[in-house]
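Undergrad: for reference, the sequence and a predicted model appear below.
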Amino acid sequence: MSGFEFGITISAEWVVGTFGPVGADKQEVARERLPEDKLVLDTALLLDEWLNQWDRIERSPLSNLDRILSPKTFRIIGAHLWRLILRNKVGGELERVLCEPQGDVPLRVLINFTDNAKPKLKGLPWEFLYCDAAGVDGVFVAAETNLLLTRYVPLAGGRTPIDATDRHEKLRVLLIVALPKKGFGQARYDVTMLTAGIGEIAGIEVLPPVQDWDQHAIQETLRQTPCHIVHVVGLCKGEPGEPKIYLGGQNGSRWQDPKPLIDALTPVGVERPRLVILQLCELEDGDADENFERLAPDLMRRQIPAVLAMQYPMPTDDADWVGVDFYRQLAEGTPIGAAVQVSRNSLYRLDQLNRRFGTPVLYLQDDGALVRPPAAVQQPMADALSIPGAPSRPSRVNAAAIGRRLRAVIDIETPDEAGAARYKEWVSSVSWPDDPQDAWLIVHERSRSDVDPDQAKRVYEELMKALVTMREGHDG
C-alpha cells in the first residue's frame, strides 16, 4: 500500500514519533517524556465509562436526550486523549503532517503501546483521538477519509504478512454465534440475514455458521476448510483487563476466560485466518464493562495478521461496519484498513451524534488486501483509500454543480419516470458538499437503502461515474 505513515509509540515513560513511507524504514521525528496529568487521565476514563452506556441511554424514554447525549462528548474525550500523549513535540509533528497533506496518497497513523505501557492508557478509546491544535480545523484522526488509525502489536518473530488470495479463489468466511438462546432472538436473526447477504457476494463462500459455542466444531471446521475470515458474534464482560466471554455453560460456567475462544480460532497445524472480526453484542442488563478489543493482541500473537474488534457493544442490526458492504469491499480487493476506514467515515458522516464511528478497533500486522485485485486497479485503489471508483481528496468543485450534474445523470440514465422523479426529489433535498468525496459517501449510503435494488444499482453506478469525472476535472 502506498502512502505515508506516522507512528506513535507509547512506553511507561516515553512517547516517540516516527514518519516515513508505508513499508519503508521510518525516521524518528520526536521523542518526549510522557506527559503526566492525573486530572486529564481521570476525565478520559470517566468519559470512556459514559460512552460505554451511550446506546443504553439512547434507547431510554427520556425527553431531553439531545441535551444528555451531546456530540461534544466525542470531541472532549478526543482532545483529552491528545493531551495525554501528544501535548509535546510528537504531537506538534503529527499536527504538521495533518496540516500538510501528502497529495492524494493516504496517511496512516499507527499507535503502538509497548508491554510496559500503563494499562489504563492502553484501554482508552484512541479511535476518538481529536486534534484541535493551531492550524488544524478540528479533526478526528480516525474519522477523516484520507486518514487511518490503527493499533500495532509488534511480535517477537516479526510481522505476520497477509497472503492475498488470487481472484479465481473465493474468500471463505465462517460465522460463529456465541449467544444465549434466550433473549437474543433478534441478534440471531440479524446474523442469519448477514450470512445470507454475504453469501450473495461474488467471490465469497460462506460456510455453514457454527450456532452456539462449540470449540470442537469450530476447530474441525477450520481443519477441514481453512477460512480467510472468521467472524465471531458474542458477549464479553468482567473487570477491566480481565475479560470473560460467554461460552454457553461449558465446564459448569457460562462466563469463562477467553483462552478457549483463542484456541478454537487457531488450531495447531491449521492455516490461520487472515482476518478475525470480533463483534460485541449488548448484554441484557446493560453495556459490558469489558470488551473484545482486549482479545486482539492475543490473537495476533497466534500469527493472525489482522483483527477487527469492538470496544463498545453495537446492536447487530446496526453494525454497518461489519455488514454486507464491508465484505463486498474486501471481496473486491480493497485493503482491510481502507475498507474499515470507508465504513467508519460513513458512520461518522451519517450520525455524528453517536459513538459508532469510534467503536471498531483495528489491529494490524499487515494492511494488505485479502484478494489480489487486477494490476490495473491496484494503485488507484490504494491511493484513494476507498472503494475502487471513489474520488480521492483533496477536491473542491461546487455544491450547486454537483447537484446539477446528478440530476442530469438521473434524467439520462433512469428509464422509470416515477423512479427518476423520486431520485431527483432526493437530490434536490440534499445539502450537497463541495467535495465529490463527501458527495460520494452520501450517494453510497442512499444506494444501500433504496427500495428498488436493481434501479438503485444502475443509478448508483452512473452517479459514481459522474462524481469521479468531476473529481478528475472533466465536468462541473
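TA: Yes, it's here.

Undergrad: find me the pLDDT at residue 137, would you?
TA: Per-residue confidence (pLDDT) for residue 137: 66.

Undergrad: SS state for residue 190?
TA: Three-state assignment for residue 190 (DSSP: H, G, I helix; E, B strand; the rest coil): helix.

Undergrad: isn't it up against residue 314?
TA: No: with contacts counted by C-beta atoms under 8 Å, residue 190 stays clear of residue 314, the gap being 11.0 Å. (Glycine included, C-beta is placed from N, CA and C.)

Undergrad: out of those two, which sits in the more crowded spot?
TA: Neighbours of residue 190 and residue 314, each counted by other C-beta atoms under 10 Å, are more numerous for residue 314; the result is 22 against 19.

Undergrad: show the contacting residues for that one.
TA: 55, 279, 280, 281, 282, 356, 359 (C-beta atoms under 8 Å, 6 or more residues apart in numbering).

Undergrad: for the protein, identify the residue most remote from the centre.
TA: residue 417 (38.0 Å; C-alpha atoms, centre = their mean).

Undergrad: per-residue confidence for residue 112?
TA: pLDDT, residue 112: 92.

Undergrad: what pairs with it across the strands?
TA: Taking DSSP bridges as the rule, residue 112 bridges to residue 9.

Undergrad: that one reaches residue 10, doesn't it?
TA: Yes: between residue 112 and residue 10 there is a contact under C-beta under 8 Å: 7.2 Å.

Undergrad: those two: who's more crowded?
TA: Comparing residue 112 with residue 10 by other C-beta under 10 Å, the one with more neighbours is residue 10, at 23 against 17.

Undergrad: in three-state terms, how would the most centrally placed residue in the chain be classified?
TA: Ranked by distance to the mean C-alpha position of the chain (C-alpha atoms, centre = their mean), the top residue is residue 340 at 3.4 Å. When classified by three-state DSSP, residue 340 comes out as helix.

Undergrad: spatially nearest residue to it (excluding sequence neighbours)?
TA: Distances taken as C-beta to C-beta, 6 or more residues apart in numbering put residue 362 closest to residue 340, at 5.1 Å, once the chain neighbours are dropped.

Undergrad: so which elements touch the helix or strand containing the one you found?
TA: Per DSSP states H and E: residue 362 is located in strand 360-364. Helices and strands touching strand 360-364, as assessed by 3 or more C-beta pairs under 8 Å, 6 or more residues apart in numbering; DSSP states H and E, comprise strand 147-152, helix 296-300, strand 306-310, helix 336-350.

Undergrad: contacting residues around that strand?
TA: 127, 149-153, 293, 296-297, 300, 305-311, 321-322, 336-337, 340, 343-344.

Undergrad: ok now it, how far from the chain's centre?
TA: Mean-position distance between strand 360-364 and its chain equals 7 Å (C-alpha atoms, centre = their mean, to the nearest Å).
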